[in-house]
Structures are given as structure tokens and as C-alpha cells.
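**Q** have a look at this prediction, sequence included:
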Amino acid sequence: MTLISSTIPNLINGVSQQPYSLRLSSQAEAQLNGYSSVVEGLKKRPPARFIAKISDTSLGRAYIHTINRDVNERYVVVATNGNLRVFRMDGSEITVAFPNGKTYLNSATPDEHFTAVTVADYTFLLNKAVTVQMKSTLTPTRQREALVWVRQGAYGLNYTLTIGGISKTFKTPDGSTAAHAEQVATDYIANQLLNQFNADATFTASYNLYLHGSTLHVVRKTNTDFTVETKDGLGDQGIKVCKDYVQRFTDLPARSVHGFRVEIRGDSSSSFDNYWVEYDNPTGGNATGVWKESYKGGEQYQLDGGTLPYALKRLANGTFSFEQIPWDERKVGDAENIPPPSFVGKQLNDLFFHRNRLGLVADENVVFSRSGEFFCFWRSSATQLLDTDTIDVAVSHSKVSIIRHAIPFNETLLLFSDQTQFMLGASDMLTPFTISINQTTEFQASLLAKPVGAGRNVYFAMNKGAYSGIREYYVDGETKTNDASDITAHVPKYIPGGVTKLAASSNEDVLVALTPKEPNALYVYKYYWQELEKLQSAWSKWTLPPGSKILYVDFIESDLWMLVERNGQVVFEVISLEAGRFDEGIPFMFLLDQRAEAGQCAVTYDALSDTTRITLPYIVDTPSQFQIIGQDEGPYRRGQVIPATWANNAFVVNGKVTKFIIGRSYEFRYTFSKLVIKEEALGGGQMTVGAGRMQLRRMIITYNDTGYFRAEVTPMQRDTFRSIFSGRVLGSGHNILGQPSLEQGRHRFAISGRNEDTKIEIINDTPLPCALLSAEWEATFIIRSRRT
């Protein structure tokens, strides 16, 4: 028989489901409501503090979004079927106007169909169930018309113009006298033809003819087509017709009528073709206008704002307006050379903001707005492609890769499909010329929960049968390749399947996962990096009181904000993870869930009975689990638990009490892994000694700033033994009568059981804190043989 001992250096590596022989000594069998801090050790998690009640009825499957505008303005948006509400972080509601109605908010499952992104004062909200459409409105068309441009005059030639089968000819003089010079001027020739046609009653019955310098403008009085033909002695180059289209830009006259529109077909000498121009001369008269790029008439050119994301705008007066966005229309080109964005006719899957562009995702395509023009998804010109133009690009892969989410990551954009991850190619500028999307990794993903970024990593969920896993996407610092490690590899059956929400805090190095299969639970991942080495990878579980349904979680700095449905009400609660929080006059914070203070309760004092009645701002379902803590006021000392009775939906205490803390007790529980002997392995590392019998004798827990915990030892088929540390050490300067006491030191307790059959737990179900730093154990070990 040999007396042996060993040390567990810390208790901050969370839960492991690996075989005991493979676990770290600092990993646990179970950890409930514990917070694994690399600085303070294993603590009882901070309390969920009540902020406000926002609804007396269920929100159903609401979609909830946080607006983190700046350090002074933060809001929560709650979108339900056919409605949207905005709350400040103190729970007060803000007025929202709906100038375009609420039809876009129609959805039986907003939590599944809605998503949003905030850019400054705009929050773009997308309904994924709506198919994007074009408006039926068509670009304006003009009456049947043509231009006849007299380009060149020459002596002794016939200039013949035939309009709708009616021909007129003007013959220029031979130039035998000086007076003939004026009669070969182009505007003179055009005027002579004008006079001949206008003198013909048959012509004027069907046409109007106008003169603009040397250009004739022919207009058909009825909306039927007509023909225009010319003939001259200059190889038919003296008169040009401009009707429906011309071949080159140089075929256009210098003078025309304002708004005249024509297509330029182009030729082999031009790098572009098939574009539209119109004459711009709004002042009319003799002023010369310009030809500018335009659009083809009679085509759809407007996106239907009722089928695209809406904007929740913060107005100057502090209220909000939920309205259609004035999406830009196509101003040039036609449906062939500037086609509608690829998302038209499809349902959008996500929206994002990247490099000063708004992005939309549909099927396999990613579409970026123009740079700096978030409402424009059309090219600015059919004749040239600009760096600032919209970008519409599809991913390329052998599998069908429907893009579900787009996450800005490491100065680029990470795109998630169900089986593949893609990334924008690295470039200093994002332009139509530099854009490329490359396959980077292939990992199965469950994308009910939108991937979330924290620091230099992105986290996303995956399905493992009835359970969920989480991967950590990163760029390898040495090889510069992308990879995604399974951070749940050591707990493969820990998180129930169907993760619907991920939230992360880079301030606290924490990731939280929410799953509807355990609606009152949060699965918490605590990690710590030292340069490129991960020193902590700890999973644990937090629970709120039974009957709670966590609708939403999100981090703002170090605060975990939650919307919780409980007893038919919906409340704001927050868990603050930053170290050093404390209550007034006490160097710690009392740990009570649904925690409220006197100012949040209805407090009435009855002088006749000398009792105080406390009504909480929410429904209390189990009064016996609530505690009231005095705040050094009235007959009760600071930190004293005030006795109370429950009557008519309120707590009643003796005496006059106006300052207190009230909340619901919750339990911290840490279950040690089976204690085993390990020895150095030949190839490095450690291996478990499987032979022999180990009889545990005792354990020592090292603690700091602790007011209470108890150790429970349960040998197989024997009663549980309890050893309580109450925070009071005889002779300590902290042990002051009537005040809570926090101590640091070592607590020793007996085990007296075989390591294979003994369960060891540390429990704290009081409002007092505990912080466990390390553990040591002592045992006797019997083995029949000597190890070599």
C-alpha cells in the first residue's frame, strides 16, 4: 500500500466527454452555472439582472436584432408577424412610424425568415421569404419620329427626301453666281425641304415636320411606323437619317429636339456597342444641346421596393421610421446590356456591408451595390465599366452551393453554403475588375444560426445527429491557409441539435450558443489565446430558472443581453461578465437571478402593522426560491437575508425597508472527473495507470474571495457526505459579526471511497460568490506488481 497525492492545477477547462484516460486533470465531468476565468479561477457565474418588462404576452417566434449605433445609443429591435418595435436598453419603447405599412413584415416565422444589418442610422431588414420583383412600370417611350440631318451641301445636286412614300427634292444651284453660295448651306437645304413637305396637304395630314438648324424632325401623328429614305449626289452621305438606331455616334446631328432617343449599334472599330443616347436641350430655342447616354423605352427599369429589404431609419428627433428604400432605377442602357441584378426573381438569403458597399446574397450569387451608393444595384453606363460600379458575381463549385450567410472576416468576406466556404480574393480594392470568389474550405455547416465573428476567428454551427458542434474558422498564422477546427471535439454529445443563435464577446473571449431543445439553457465556450497558442478551451452550461425561454442573446462589450419569456411575460435581462462588479458597501455582487432592486419594485409600508409589502415587476412563480438582501437600512444590516412571507402576489417583511436586493437563487455545481494516476509515457505526454486499486482519502480545495461552497462526496451505494465552507474562519479579520465574509485559503474534506465509484461535487446554491483555484487529492494505491 502506497500513499500518493496529486494536484489539479486549475479548474477552468470546462467539461470533457473524452475517456478519463484522455482528459486533462483540469477538465470536469459536468459544470453548471460556472464561469471559467483564467484570472479569477472557476467562479459561480454572474447573476441575470432584471432590466425591464417589455410585454405581457408571448412574442412567439420573433426576430430580434441589436442596434449598436455608438457607446451612447443602443437599441433592440423586435420584429414579429406584421409588426416591429424598438426598445432602448433600459426597456423603454420608442415610437416607430410605418409610412409604407407593415406588409413586408408578414411571416409566420420571423426568427427564421428575417435578418438585418445596421449601417449608421439605417438598419436594413430582410424578409427571406419574399421574392424580389421588378415594377411593371416601363421606361417612357416617344411618339413615332425621326431626324433627317443635312450634313453637307454641294452645287448642282438633287437632295431627295422620302417620308412615308411621299418624296420631295431640292436641287442646289450650279454655283455660277456668288448668290448661290447661301443656297448650298445645310440649313437652307433643310428649310427648302421643310417648305415643300408642309405645302403638301397629304403629308401634313399624317405628319408634323419641324426644323432645328440643318436637322428636320419628323413626327407621325398616329402611333404607327413609317419609313424615311434619302438620296443625294454625294454617295448618300449628304443627308443622314436618324430613326430608331444609327451605326456610330458620329452619325448624330449636332442639333435635335430635346428628349429624342436613339440606339447606337456600334461597329468593329468601337470597343462597345448597343447603347442608347438622347438629346438634352431643356431650354430649347436656338441653344445647342448635347447627346447623353440614355435608356431604351418600353422596358422595366425599377426594382420593386416592396420586395426588397426595408430600412428602419433613426430620425433626428430620436424616433424611428420603417419604410421602403428609394432604390435607384436603371437610368441608361437596356435589359440586354445592363440586365437586372441576378437576385431579381429570387429570394434573398442574407445582406451585409463590406468595403463601403451594401451586399445582397441570392442563390449562388453575391451582389454588391455601387461603392458609396447603397441603394443602387445598376451599372452607371453601358459604354464603360467603372471601378465604383455594382458587382454581381457567382461562386463556382462542382456542387450546388447556395450561399446562406456572408460574414466580414480578416479584411475580406467569408461566404457560407451548407457544405462549402468561399472567400473573396485578396485585393486592396473591391471593383468589378478585381473581384474573385474562391473556394477555401469544405465543412458541413448548420446555418440556422448565423456565423459570428470574434477577434480573428469566425464561429459556426454544424449538425452531429441529435447534437450540435461548433467550428472555429481561422487563418493559420504559419501557413496562411484557412481552416476550421472543431472546438466541440471533446464534447461531441454536449450541445443539443439545432443551434439557432451564436453570440460572441471579444472583450471577454466568450461564445454563447442557444438551442430551442433546452430553451432555458446557454452553452458557454470560454477560450484564451496567448499569441498563436490556445491555452483555454472550456465548455460549460448556464441555466435560467425552469420555465424560462431565452428568445435572444447578444453581447454589447462585456454584457450579455437577453430577452427572456417567462410566465407569459417577456423581460430584458443582462449578465455582466466584466470582473470587479460589486454592490454598494460590499466588495462583491450578490448572485441572484431575476435580480431586481428596490427602485424597480412597488414598495409600500404599512405603519399600522409595521410591515413592508414588496411587489416585483414580473410574475413570481416559486416564491420559496427568492431571497431579499438588506442594504444597511432600517432594522436589517447590509448583506443580511431578510425573512419574508408571501401573500397576495407580494413579499411581506417586518419593519420599514426601502433599500434591498431581491432575486431568485440559482445553483453552481462542478463535478470532478474521475481521479486517476498518470505517468510519463515513453513517447512523451502522459498515460493512465490502469492496474491497481486507488482508495481516495481526502481532497483540498484552494479558493479565493469565497463566501460559501460545499463539497458533496457520494460513494457508490452509500449516503452523500457534505463538507461546508461557510466563508467564516475563526480568528480571521474578515469574520465580522453581521456582515458577509469572503475568505481565501484551503478547504480540506474527506472522501473515503474508491476512485472508480466516487462522485465528488462542489456546489454553491447561495447568493454568495465562490472562486475555486485548484485542488489536491490524497489516496492510497495498491498494486500487485512493480512497474518497470
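**A** Structure's in. What do you need?

**Q** when you work out contacts or count neighbours from here on, use the C-alpha atoms and nothing else.
**A** Noted.

**Q** these two touch, right, residue 130 and residue 347?
**A** Yes: assessed by CA atoms under 8 Å, residue 130 is found in contact with residue 347 at 5.8 Å.

**Q** show the average pLDDT along stretch 300-314.
**A** Averaging pLDDT along stretch 300-314 yields 97.

**Q** cool, and stretch 566-573?
**A** Here the average pLDDT along stretch 566-573 is 96.

**Q** that stretch: which residues count as buried?
**A** Applying a neighbour-count criterion of 16 or more other CA atoms under 10 Å, one finds 566, 567, 569, 570, 571, 572, 573 buried in stretch 566-573.

**Q** over to stretch 713-720?
**A** 713, 714, 715.

**Q** which of those fall in strands?
**A** 713, 714, 715 (DSSP state E).

**Q** not counting sequence-adjacent ones, nearest residue to the first one?
**A** The spatial neighbour of residue 713 that comes closest, neighbours along the chain excluded (CA to CA, 6 or more residues apart in numbering), is residue 760 at 4.7 Å.

**Q** quick check, nearest of the ones in strands among the buried residues of stretch 713-720 to residue 13?
**A** residue 713 (21.5 Å; CA to CA).

**Q** measure the residue nearest to residue 713 to residue 777 for me?
**A** Separation of residue 760 from residue 777 (CA to CA, to the nearest Å) stands at 11 Å.

**Q** which of the two has more neighbours?
**A** residue 760 (23 against 20; other CA atoms under 10 Å).

**Q** pull the contacting residues for the more buried one.
**A** 671, 672, 711, 712, 713, 714 (CA atoms under 8 Å, 6 or more residues apart in numbering).

**Q** between which two of the buried residues of stretch 566-573 is the distance greatest?
**A** 567 and 573 (14.8 Å).

**Q** so what secondary structure elements neighbour the longest strand seen in the chain?
**A** Secondary structure of the chain per DSSP E: the longest strand is strand 693-706. Strand 693-706 is packed against strand 743-754, strand 771-782, with contacts defined by 3 or more CA pairs under 8 Å, 6 or more residues apart in numbering; DSSP states H and E.

**Q** for residue 72, find the nearest of the ones you listed.
**A** Closest among the helices and strands packed on strand 693-706, once you apply CA to CA, is strand 771-782, at 33.3 Å.

**Q** which neighbouring elements make contact with the closest one?
**A** strand 2-8, strand 41-44, strand 693-706.

**Q** mind putting those into TSV with mean neighbour count and distance to residue 457?
**A** As requested, the helices and strands packed on strand 771-782 are arranged in TSV below (neighbours: other CA atoms under 10 Å; distance: least, CA to CA, whole Å):
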stretch	mean neighbour count	distance to residue 457
strand 2-8	14	30
strand 41-44	24	25
strand 693-706	20	33
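
**Q** turn the ones you listed into JSON lines, including mean pLDDT and distance to residue 242.
**A** Below are those laid out as JSON lines (pLDDT from 0 to 100; distance: least, CA to CA, whole Å):
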{"stretch": "strand 2-8", "mean pLDDT": "90", "distance to residue 242": "91"}
{"stretch": "strand 41-44", "mean pLDDT": "97", "distance to residue 242": "83"}
{"stretch": "strand 693-706", "mean pLDDT": "93", "distance to residue 242": "90"}
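
**Q** export those as TSV, with columns for distance to residue 389.
**A** Shown next, in TSV, are these (distance: least, CA to CA, whole Å):
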stretch	distance to residue 389
strand 2-8	61
strand 41-44	54
strand 693-706	60
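
**Q** what's the closest of those to residue 470?
**A** That would be, of the helices and strands packed on strand 771-782 and by CA to CA, strand 41-44, which comes in at 22.8 Å.

**Q** closest to residue 510 out of the helices and strands packed on strand 771-782?
**A** That would be strand 41-44 among the helices and strands packed on strand 771-782, by CA to CA, at 14.4 Å.

**Q** just give me how far that closest one sits from the chain centre.
**A** 31 Å (CA atoms, centre = their mean, to the nearest Å).

**Q** and the strand or helix carrying residue 208, which strands flank it?
**A** Under the criterion of DSSP states H and E, residue 208 resides in strand 207-212. Applying DSSP bridges, strand 207-212 is found paired with strand 215-220 (antiparallel).

**Q** and the partner strand, average pLDDT?
**A** pLDDT averaged over strand 215-220 gives 95.

**Q** among the buried residues of stretch 566-573, which are in strands?
**A** 566, 569, 570, 571, 572, 573.

**Q** with distance to residue 429 added, can I get those residues in a markdown table?
**A** Listed next are those as a markdown table, based on distance: CA to CA, whole Å:
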| residue | distance to residue 429 |
| --- | --- |
| 566 | 49 |
| 569 | 49 |
| 570 | 46 |
| 571 | 45 |
| 572 | 42 |
| 573 | 42 |
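
**Q** all helices for the stretch 201-350 of the chain, in order.
**A** 201-204 (DSSP state H, counting those that start in this stretch).

**Q** list the buried residues for stretch 224-231?
**A** Buried, per 16+ other CA under 10 Å, within stretch 224-231: 228, 229, 230, 231.

**Q** grab the nearest non-local neighbour of the first one.
**A** It refers to residue 228. residue 163 (4.7 Å).
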